[in-house]
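for reference, the sequence and a predicted model appear below.
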Amino acid sequence: MKRITLSLTFILCIAFTTNGQDLNFGAKAGLNITGVSFESDSYSTSSRIGFHIGGFANYKFSDKFAVQPEIYFSTGGNEWDFNNGTTTGEIKTSSISVPVLLQYDVIDHLVVEGGLQYNFLLSIEQKIDGSNDGFEDISEFYKSGTIGFAIGALYHLDAIIPGLAAGLRFTADISKINDVDVDAGNLRQNAFQINVLYTIPK
């Protein structure tokens with residue numbers, strides 16, 4: 001919680017130290033197609049559907065470049081198969097992600113973006129198929145946060161609704177999420193995101 005508070009403070013500091021004419025705020029939400037990669041060859045994995053919702057600040061510091069810090073709640077996980085169906089199960093996660101992205105206007109309305117992000121793990125649970133226990137908390141084996149990266153693009157749809165934009169993004173962990181050996185090697189989360197953004201008019 002302390003780190004989340006610091007992240008919010010960072011975004012507010014940007015708001016109070018930049019030129020108000022070039023600073024905008026907005027909200028975003030969308031769909032996650034997520035995975036948790038296992039290093040062990042004994043496992044195969046498939047994606048899980050989740051969602052994300054949050055907000056952003058955008059500061060345009062030149063005609064072509066802008067910086068966009070964000071904070072959003074996100075859900076994810078995977079479905080896994082051990083040893084060709086010997087055991088199957090599912091992992092689900094929830095986290096707070098704080099990316100800081102550099103954006104570049106390629107052409108009118110089209111923007112590409114990339115940067116680093118920190119992911120605060122809120123929960124991680126696992127269900128083993130055939131067990132009557134349902135989802136069980138396994139957070140004791142995992143780190144409280146990870147460093148990752150994000151790359152993507154968005155297209156402004158002001159002709160439809162002023163302030164509206166649609167985007168695609170890929171995010172992935174650089175650092176592993178497991179704190180101890182969990183018999184599957186190092187685990188890392190990733191997600192393809194489809195999102196809609198709305199910039200609040202001034």
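It's in.

now stretch 168-184: buried residues?
Of the residues in stretch 168-184, those scored as buried under the neighbour-count criterion (16 or more other CB atoms under 10 Å) are Arg169, Thr171, Ala172, Asp173, Lys176, Ile177, Asn178, Val182, Ala184. For every residue, glycine as well, the C-beta is placed using N, CA and C.

Val112 should be in a helix, yeah?
No: according to DSSP: H, G, I helix; E, B strand; the rest coil, the state of Val112 is strand, so it is not within a helix.

biggest strand in this protein, by residue count?
Counting residues, the longest strand in the chain under DSSP state E turns out to be strand 87-107.

what is it packed up against?
Contact partners of strand 87-107 among helices and strands, from 3 or more CB pairs under 8 Å, 6 or more residues apart in numbering; DSSP states H and E: helix 2-17, strand 23-37, strand 43-60, strand 65-82, strand 110-128, strand 145-156.

and with 7 Å instead?
Here strand 87-107 touches strand 65-82, strand 110-128, going by 3 or more CB pairs under 7 Å, 6 or more residues apart in numbering; DSSP states H and E.

within its sheet, name the partner strands of that strand and how each one runs.
Looking at strand 87-107 with DSSP bridges, its partner strands are strand 65-82 (antiparallel), strand 110-128 (antiparallel).

CA-only coordinates of that strand in CSV, if you can.
In CSV, the C-alpha atoms belonging to strand 87-107 read as follows (Å, rounded to 0.1, in the frame of the first residue of the first chain):
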residue,chain,number,x,y,z
THR,A,87,-2.8,-32.7,-13.6
THR,A,88,-4.5,-29.5,-14.8
GLY,A,89,-5.4,-26.3,-13.1
GLU,A,90,-5.8,-22.5,-13.2
ILE,A,91,-4.1,-19.5,-11.7
LYS,A,92,-5.9,-16.1,-11.2
THR,A,93,-4.2,-12.9,-10.2
SER,A,94,-5.1,-9.3,-9.4
SER,A,95,-2.7,-6.4,-9.3
ILE,A,96,-2.2,-2.6,-9.5
SER,A,97,0.0,-1.6,-12.4
VAL,A,98,1.8,1.7,-12.7
PRO,A,99,3.4,2.2,-16.1
VAL,A,100,5.3,5.4,-17.2
LEU,A,101,5.2,5.6,-21.0
LEU,A,102,6.9,7.7,-23.6
GLN,A,103,4.5,8.4,-26.5
TYR,A,104,5.3,9.5,-30.1
ASP,A,105,2.8,10.9,-32.6
VAL,A,106,3.5,9.0,-35.8
ILE,A,107,0.8,10.6,-37.9
